[in-house]
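my questions concern the predicted model and sequence given below.
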Amino acid sequence: MANFFSTQVTAMQTTPPTRIKVNLLQGRLRFAFGQFTNPASSGVQIADVIYYLRLPRGARVMGFISRLTYSTGAASSTVNVGDSVSAVRYLAAISITTAGQSAISQADTNGSTPYETTDESRDGTGLPSATNDCDIRSVAAGAAMQASQSTALHAIYVQD
């Protein structure tokens, strides 16, 4: 019978042991919440951006317990969840036409390693820069959001 070890256990077995970041092992869960209610008139249109929350550098979102929730919206209305670098880092475009919730992803582009935020920079107007991956946002697509429609991001994360 063979034994196989995760990357983290292998690192701990080296001499001297390699320190494992607490956002990968023995970390404390933290909670971030962002809620948005579309104004009754002239609210979110196609390609408009909704900023939900700002995570600290070094945060890793735990997708299996993090959710985007939404009330009933307009037909064909969709949103994604991401940041300035990757619009779909946490959730590809989903329909928000009927009330529900969607789990957000924790995987990076290779599909296995949780993504760690690294950049919280802003441009001269206070908006996130093109390299900012700490400000979590959605972009509306498909159709304008319905008046008074509510969306909320419940993000559970760990951080060093």
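Cool, got the structure. Small disclaimer: the values here were computed from a predicted structure and weren't measured.

going forward, measure contacts between C-alpha atoms and count neighbours the same way
Fine.

so where's the longest strand in the protein?
strand 150-159 (DSSP state E).

average pLDDT across it?
Strand 150-159 shows a mean pLDDT of 93 in the predicted model.

would you map the helices across the protein?
Assigned by DSSP state H, the chain shows helices spanning 7-12.

can you map out the strands along it?
Across the chain, reading from the start of the chain, the strands by DSSP E fall at 30-37, 49-54, 59-61, 67-70, 78-81, 91-95, 100-103, 135-141, 150-159.

neighbouring strands - and their directions - for the longest strand of the chain?
Within its sheet, strand 150-159 is paired with strand 30-37 (antiparallel), strand 59-61 (antiparallel), strand 67-70 (antiparallel), according to DSSP bridges.

can you report phi and psi for the closest residue to residue 136 other than its chain neighbours?
By the measure of CA to CA, 6 or more residues apart in numbering, the closest residue to residue 136 outside its immediate chain neighbours is residue 83, 5.0 Å from it. Here the main-chain torsion angles of residue 83 (degrees, to the nearest 10) amount to phi -150, psi -170.

residue 83 is in contact with residue 132, isn't it?
Yes. In this structure residue 83 lies within contact range of residue 132 using CA atoms under 8 Å: 7.0 Å.

more neighbours: the two, which one.
residue 83 (24 against 21; other CA atoms under 10 Å).

quick one, what contacts that one?
89, 132-138 (CA atoms under 8 Å, 6 or more residues apart in numbering).

out of the residues you listed, what pair is the most spread apart?
Farthest pair in those (CA to CA) is 132 and 138. Separation: 14.0 Å.

who does residue 68 form a beta bridge with?
The partner list for residue 68 in beta bridges (DSSP bridges) reads residue 102, residue 153.

count of residues packed around residue 40?
Other residues near residue 40 come to 11 when the count uses other CA under 10 Å.

just the pLDDT for the nearest residue in space to residue 34 that is not next to it in sequence.
Across the structure, with CA to CA, 6+ apart as the measure, the residue nearest residue 34 apart from its sequence neighbours is residue 52 (4.5 Å). The predicted local confidence for residue 52 comes out at a pLDDT of 97.
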